[in-house]
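1. When you get a sec, could you give me coordinates for this:
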Amino acid sequence: KIHGNKLTGTIPTEFGILNRLQVFEAARNMIHGTIPSEMGRMVSLLSLDISGMASPSLTGTIPTELGRLSRLDTLALADNQLSGPGLDVVLGGQLTSLAYCYLNNNALTSTIPKEVALLKSTLKQLYIQNNRLTGTVPLELGECSILDLLDMTSNKLQGSVPQEICQLQQNSNPLKSVLFVSDCKATGLQCPIPDCCTQCAGDK
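-> The predicted model follows:
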């Protein structure tokens, strides 16, 4: 864990040989450049946090090789300048242990893949707000029955929130709070069912 320092430079490709490392947390530093594809060899990782880098921060795409990290429980890439179709890598079902996913405040441009349903027994928190995501919200996201926090505001998503996602609120344990934040705008993603959205973006 080396987060919260003033480390500079790029992430060395040599990190790929650290195949027994379980936790890599380097958030809130001054690291820039791209995420090396070699990090996909760090197959023992349980937590990867390289979020919140100071300007110029991390750029480029999320490498497809990260899909090999099948033991990964927590992935935090938020508050950078990552772009491209990264959700296919992260939510495409390859990260079979993923529970906590923080991709917010980037420039990701993909759609939300239907394969997110493959994470239905693990995914608990999903932050994808403030990106450039397009398309509609797949009803398969509603199959993630243990999801207790979902924020997808400030994207370019269209249509209505599927009833299957609203059902997560109704089916939740009374002792468990399900937080779902959406845009609730006349154009863009809408919450048509009363009380489906816990909070609208404009109410923040």
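
2. Please list all residues in contact with residue 84.
-> 60, 61, 62, 108, 109, 110 (C-beta atoms under 8 Å, 6 or more residues apart in numbering). Heads up, the C-betas are built off the backbone N, CA and C, glycines and all.

3. PyMOL command to pick out the buried ones of the residues you listed?
-> Command for PyMOL that selects the buried part of these, burial taken from 16 or more other C-beta atoms under 10 Å:
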select buried, resi 61+62+108+109+110
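
4. now the contacts of residue 84 in JSON lines, with pLDDT, distance to residue 159 and secondary structure?
-> Listed next are the contacts of residue 84 as JSON lines, based on pLDDT from 0 to 100; distance: C-beta to C-beta, whole Å; DSSP: H, G, I helix; E, B strand; the rest coil:
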{"residue": "60", "pLDDT": "96", "distance to residue 159": "30", "secondary structure": "coil"}
{"residue": "61", "pLDDT": "97", "distance to residue 159": "26", "secondary structure": "coil"}
{"residue": "62", "pLDDT": "97", "distance to residue 159": "25", "secondary structure": "coil"}
{"residue": "108", "pLDDT": "97", "distance to residue 159": "19", "secondary structure": "strand"}
{"residue": "109", "pLDDT": "95", "distance to residue 159": "18", "secondary structure": "coil"}
{"residue": "110", "pLDDT": "91", "distance to residue 159": "16", "secondary structure": "coil"}
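
5. what would the contacts of residue 84 look like in a markdown table with distance to residue 18?
-> Shown next, in a markdown table, are those (distance: C-beta to C-beta, whole Å):
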| residue | distance to residue 18 |
| --- | --- |
| 60 | 21 |
| 61 | 22 |
| 62 | 19 |
| 108 | 26 |
| 109 | 30 |
| 110 | 28 |
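
6. and the longest helix out of those in the chain, C-alpha only, in PDB?
-> In the chain, with assignment by DSSP state H, the single longest helix is helix 163-171. Taking Å, rounded to 0.1, in the frame of the first residue of the first chain, the C-alpha atoms of helix 163-171 are listed here in PDB:
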ATOM      1  CA  GLN A 163     -38.100  -2.700 -13.700                       C
ATOM      2  CA  GLU A 164     -35.700  -5.500 -12.800                       C
ATOM      3  CA  ILE A 165     -33.300  -2.900 -11.200                       C
ATOM      4  CA  CYS A 166     -36.200  -1.200  -9.400                       C
ATOM      5  CA  GLN A 167     -37.100  -4.600  -8.000                       C
ATOM      6  CA  LEU A 168     -33.800  -4.700  -6.100                       C
ATOM      7  CA  GLN A 169     -35.200  -2.000  -3.900                       C
ATOM      8  CA  GLN A 170     -38.400  -3.900  -3.200                       C
ATOM      9  CA  ASN A 171     -36.700  -7.200  -2.600                       C
END
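
7. Using PDB, write out every CA atom in whichever helix or strand comes after that helix.
-> Sequence-wise, the next helix or strand beyond helix 163-171 is strand 179-182, with elements assigned using DSSP states H and E. Extracted as PDB, the C-alpha positions of strand 179-182 are listed here (Å, rounded to 0.1, in the frame of the first residue of the first chain):
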ATOM      1  CA  LEU A 179     -28.800   3.200  -2.900                       C
ATOM      2  CA  PHE A 180     -29.600   3.800  -6.500                       C
ATOM      3  CA  VAL A 181     -28.700   7.200  -8.100                       C
ATOM      4  CA  SER A 182     -29.900   8.200 -11.600                       C
END
